[in-house]
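Asker: For reference, the sequence and a predicted model appear below.
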Amino acid sequence: MTKLHVTATVNGDPVEFLADPRESLLDCLRDHLDLTGSKEGCGTGDCGACSVRLDGVLVCSCLVLGVEAEGRRIETIEGMANGAELHPLQRKFIENAALQCGFCTPGILVAAKALLEENPDPTESEIRYWLAGNLCRCTGYDKIIRAVQDAAAEMRGAN
Amino acid sequence: MAKDDTGVRYKLIGTRPDRPDGLDKVTGRARYGADISAPGMLHAAVVRSPHAHARIRGIDASKALALDGVKAVVTRADLPTGLTGEDWNLQENTLAGEVALYDGHAVAAVAATSKLIAQEAARLIQVDYEVLPHVTDVDAAMQPGAPAIRPGAADYSVPEGMHPNVVKQIDFGHGDVDAGFAAADLVREHTYKTEATHQGYIEPHACLGQLGADGRGEMWVCTQGQWYIRRMCAAVLGIEAANLRVTPSEIGGGFGGKTTIFMEPLALALSKKAGGRPVKLVMSRAEVLRATGPTASASMDVKLGMTRDGRVTAGSVRFRMQGGPYIGSSPVGEALSCAFACYDIPAVHHLGYEVLANRPKAAAYRAPGSPMAAFAVESLLDEMCRELGLDPIDTRLKNAAREGTKASYGPTYNRIGFVESLEATKAHPNLKAPLGPNQGRGVASGFWFNHGGETSVSLAVGEDGTATVSVGTPDIGGSRASIGLMTAETLGIPYENVRVNIVETGALGVNEPTHGSRATFASGLAAVEAARQAIATMCRRAAAEWGIDPEAVEWRDGAAHPAGPNAGKFPPLSIAEIGAKMGSTGGPISGHHEVTAGGYGASFGVHVVDVEVDPETGRTTILRYLVVQDAGRAIHPAYVEGQYQGGAAQGIGWALNEEYVYGADGRLQNPVFLDYRVPVASDLPMIDTVIVEVPNPGHPYGVRGVGETGITPPLPAVANAIAAATGARLRSLPMSPPKVLAAIKAGRG
């Protein structure tokens, strides 16, 4: 199938790539742009390991076609830290031991950041339902929820 | 909450520093199985049987090979013949020979210049199948008239007259069971069933393999054990182990399911056929669910005798388990051994059958066999406690195994912490939380042997006094941190000055995988011994510099000191000072330890769950959850808690939602996460933990291993809680809403 030329911005940088129309945005990020932080756990939008922001909207990049990214703004885990300075969520995930294998972690961090931008003071229940689309098989979620609460409190204090 | 009865104080052990691989894992930099590529790389796809049982009449790959970009096709004809035993099982499971034995069984593989071309080529490979009758249920597979899956596969243990699908019988016990039942005031017997579940790691299997015409190759792979990958691939392909160098990637979960091979030899065989170009092979989620890992399904009869005051007088079990179409894949032996392991029972009898079925080859899953056994035994124990009006924790205390008890599976227990765990449970505030209508509380215990195994670790002192530790057990949940803590504690240097690397197969002696809850125990033990060896060398270097006897030097706080006033007065020599001069004082300083580690200590846990059951829908909500478990010693308590919480969550999923659903055609109906429903964040509450610490005398810091026991108690604990909430006793998993609702309605009669 003829490949299409796609231009977009990823984490603020202009990018261009050639996408087979059948390829997902996740495939394009990983295979054409070498951004392998977003993971494929299912390819059907059930696990959230591929979560990215598309023009600010939280999406499963396995359910978006690469060619749909034309002219759009994409944010991935690779853009979450500000240079060497980690986002509070990233720091709190390490401090709270909120990851074991770490494979779901990029998607959960991207999703949690979107939550805190929308709702800086979520209840435990709101965090649990927001992250219900991000599967973690290792932790039982306890320490993930606490890390999000901890980061939210720190971010509220900083504002 | 840590309880330490030894009073030993450590500087680092028991603290909660950041894990050394944390930064890579929160920034997306950590490289997992599918995250690397190589120049000239090809992509592979696998053709899988759509039938549960079918003779392969022929495979026509001509259309696929005619497609531009296709470089190689591999079928069973490309693999060597003459393998026997488990090697044959592994080869047969990698690629079907004459018969496809389950839905999803690999039949052929293709490599091409892109993923899309490989997938298209796989669709063009034509397989001519003759569909055969199939059976997927363990009880049905034993019935007369069930299709014989592999006649002649049974071993010597199976009595004559049993169905040929019964391939192994296990029979052991001790004491006079009949006398025990005769002495009981209450004897009860029931049958329990558990469905197969999948480990459900979020990272699908992935590898990048390269094999030349000279039989030398390399592999990058997500695995729990790089040496197992090496040995199994070498056996399946008929190459020498030393010629295959296997490097483990970061691993996105395993839980036992990544201790074996599934498709790795295909990448190597394709590479060899394609002129040695590297081949990347990544499974889809559907492939993971259809063709890897699941645990066995089980059908279990349990009989217990109990006195009026709660003493268990005898127990017997008869377990039937299927683990797919190959002998030796089901954990029926482990299940039998775990069944009564928590208790000191005068007479026990265990009888087990391994049964073949048209399902994927089972792999290990967290405490293999123990959760099923616990579901059966702990459910019946709970039922009998209710019937006799006995407290479930006091009854367990009355029968608890302790130091010196002859375990139901044979050995005599060393120091163990089951009694301490039960007492800590009794004291926990969750036990006093009030319960409302439709709510109930369930208690259950769990056991795992733990494991030591083949272990080889090296440590090297740097020129600046830092230390590098090379270990062979992939870090699946924080073991770099725990091994780093133990090494730093032993050397007396900061945690940050130790780097723990997971190394490839050429760098150490053979290591078993990260399995059996052994990584922190065995690699930790070997790292401590390696550090002690380096310390002895450093003490000799200091003695030489001071001109005193090496025995007159002692090591503390990261430095050599004269041992007492008689040794002479010298300022201490730090590890940094010794390291800086090592080239001129005798050469590099390192330590190495290799051992088949014994001394692992058995692990016991107690869980308490409060549930609410919706009487309209049968849906169960977990309100409160408590895990109490003996860790021996918690090296990094946060990751110990993480193991407890993660095990509990998996057990809750097994209890309530997860199951392999087969259609009448023998095809798996739910090979996606939408339908194979693992617990999500909104399904669970916070999971409370208590770390009991009864040190294991077989480890320098008392470690027992903590990974597996936690998945065991949730199955019966949730069943016991549902029984308390509704009066309905469910003896078959999962306890999904329709089943719970039906049980409630049947109870209302």
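Answerer: Arrived safely. All values derive from a computational prediction rather than experimental measurement.
Asker: Next, the distance between the ends of stretch A:63-72.
Answerer: This stretch, stretch A:63-72, spans 16 Å end to end (CA to CA, to the nearest Å).
Asker: What of stretch A:79-89?
Answerer: 13 Å.
Asker: Nearest residue to the closest residue to chain A within chain B in space, please, no chain neighbours.
Answerer: Nearest residue of chain B to chain A, counting by CB to the nearest CB: B:G28, 2.0 Å away. Every residue, glycine included, has its C-beta placed from N, CA and C. Spatial nearest neighbour of B:G28, excluding adjacent residues (CB to CB, 6 or more residues apart in numbering or on different chains): A:G37 at 2.0 Å.
Asker: what's the neighbour count on that neighbour?
Answerer: Around A:G37 there are 25 other residues, counting by other CB atoms under 10 Å in any protein chain shown.
Asker: what's the answer for B:P571, then?
Answerer: Neighbour number of B:P571 under other CB under 10 Å is 10.
Asker: Over to B:A427?
Answerer: 10.
Asker: And for B:N501?
Answerer: 14.
Asker: Show me chain A divided up by domain.
Answerer: A:4-79, A:88-158 (automatic domain parsing).
Asker: Can you say which of these is nearest to B:S114?
Answerer: domain A:4-79 (8.0 Å; CB to CB).
Asker: Could you say which of the domains of chain A is packed most deeply?
Answerer: For the domains of chain A, the largest average neighbour count (mean count of other CB atoms under 10 Å in any protein chain shown) is found in domain A:88-158, namely a mean of 22.
Asker: ok so, going back, number of residues surrounding the residue of chain B closest to chain A?
Answerer: Residues near B:G28, counting by other CB under 10 Å: 26.
Asker: For it, report the pLDDT, please.
Answerer: On the pLDDT scale, B:G28 is placed at 98.
Asker: Could I get the pLDDT score of the closest residue to chain B within chain A?
Answerer: Residue nearest to chain B within chain A: A:G37 (2.0 Å; CB to the nearest CB). A:G37 carries a pLDDT score of 98 in this model.
Asker: how would you label it: helix, strand or coil?
Answerer: coil (DSSP: H, G, I helix; E, B strand; the rest coil).
Asker: Poorly predicted segments of chain A, please.
Answerer: By pLDDT under 70, the weakly predicted segments of chain A are A:159.
Asker: Check it for its longest helix and report it.
Answerer: The longest helix of chain A (DSSP state H) is helix A:142-158.
Asker: Give me the contacts around that one.
Answerer: Helix A:142-158 has contacts (CB atoms under 8 Å, 6 or more residues apart in numbering or on different chains) with A:87-89, A:91-93, A:95-99, A:108, A:112, A:115-116, A:120-122, A:124, A:127-128, A:131, A:136, B:638, B:641-642, B:645, B:681, B:684, B:686-687.
Asker: let's see 7 Å
Answerer: With CB atoms under 7 Å, 6 or more residues apart in numbering or on different chains as the test, helix A:142-158 has contacts from A:88-89, A:92-93, A:96-98, A:108, A:112, A:116, A:120-122, A:124, A:127-128, A:136, B:642, B:645, B:681, B:686-687.
Asker: Show the model's pLDDT score for the closest residue to B:I635 other than its chain neighbours.
Answerer: Leaving aside its sequence neighbours, B:I635 sits nearest to B:S482 (CB to CB, 6+ apart; 4.1 Å). Listed pLDDT for B:S482 reads 98.
Asker: Please, which helix or strand holds B:S482?
Answerer: B:S482 belongs to helix B:479-491 when assigned by DSSP states H and E.
Asker: next one: that helix to chain centre, how far?
Answerer: The chain centre lies 23 Å from the centre of helix B:479-491; the measure is CA atoms, centre = their mean, to the nearest Å.
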